[in-house]
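Engineer: Here is the input, now give the coordinates:
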Amino acid sequence: MVQVWYMDSDDSDQRLEHKREPVTYVDLETLYKKTGVEYFKINADDYENDEVLKELRRKRGYTYEDQITCSEQCLPDYLNKLKAFYTEHLHTDEEIRLVIDGSGYFDVRDGEDNWLRIEVIKGDLIIIPAGIYHRFTLDSKNYIKAQRYFVGEPVWAPHNRPADNMDCRKAYLEHLAQLSKA
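Structural biologist: Numbers count the residues shown, from 1 in each chain. Prediction:
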């Protein structure tokens, strides 16, 4: 099961857990209300036939998918790619990731600009909303294989912080305000 916690401010090895002391875990409902991030458990061994994933793809219009493997052996220009993934950024489209194998961390900012770390493992699917500041890193196992889903052709452009004047950021902040009222 996915775990989420508030991060400390230690800037040592990004692949470590970085749990704030005292440790403050966040449940999935609170994660959604504070960030808009959605979570689903998927059968990673048979994801093509998983009914939850089929329904998500249908409802949200995911028409394109690919797979990425992040490890030193499989990812060209490994160190620079990890650095780019860990740079705080946002996207104009939501980011959908299903972990097929391995593990890693997605870090997202809450409405008060605190980092929340989401540990993802095999079978975890997360949807990171367009306009949220976030980043990704491997954990100390240095390996993840993930299925990526898109509406139409993929848009790969990260917009590094600050990007507060972008329409997707403004729309995200409006959505976040509505979530906090719910």
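Engineer: Give me the buried stretch members for the top strand by length along the chain, please.
Structural biologist: Counting by DSSP state E, the longest strand found in the chain is strand 95-109. Neighbour-count burial for strand 95-109, with 16 or more other C-beta atoms under 10 Å as criterion, is recorded at 95-100, 102-109. Any C-beta I mention is one placed from the backbone N, CA and C, and that applies to glycine too.
Engineer: which of these lies closest to Gln67?
Structural biologist: In terms of C-beta to C-beta, no member of these lies closer to Gln67 than Ile100, at 7.1 Å.
Engineer: ok, for the closest one, nearest residue in space, not its chain neighbours?
Structural biologist: Closest residue to Ile100 apart from its sequence neighbours, by C-beta to C-beta, 6 or more residues apart in numbering: Lys145 at 4.5 Å.
Engineer: Show me the residue at the heart of this structure, geometrically.
Structural biologist: The residue lying closest to the centre of the chain (C-alpha atoms, centre = their mean) is Phe106, at 4.4 Å.
Engineer: got a list of what that one touches?
Structural biologist: Shown in contact with Phe106 (C-beta atoms under 8 Å, 6 or more residues apart in numbering): 37, 97, 117-118, 120, 126, 128, 134-136.
Engineer: beta partners of it?
Structural biologist: Taking DSSP bridges as the rule, Phe106 bridges to Ile118, Phe136.
Engineer: gap between it and Lys54?
Structural biologist: Distance, Phe106 to Lys54, by C-beta to C-beta, to the nearest Å: 23 Å.
Engineer: returning to what we had before: for the residue nearest to the centre of the chain, report the pLDDT, please.
Structural biologist: pLDDT recorded at Phe106 is 98.
Engineer: still on that earlier bit, and the residue nearest to Ile100, what element?
Structural biologist: Assigned by DSSP states H and E, Lys145 falls within strand 144-150.
Engineer: Which strands or helices does the helix or strand following that strand pack on?
Structural biologist: Counting by DSSP H and E, the element after strand 144-150 in chain order, helix or strand, is strand 159-160. Under the contact criterion of 3 or more C-beta pairs under 8 Å, 6 or more residues apart in numbering; DSSP states H and E, strand 159-160 touches strand 89-90.
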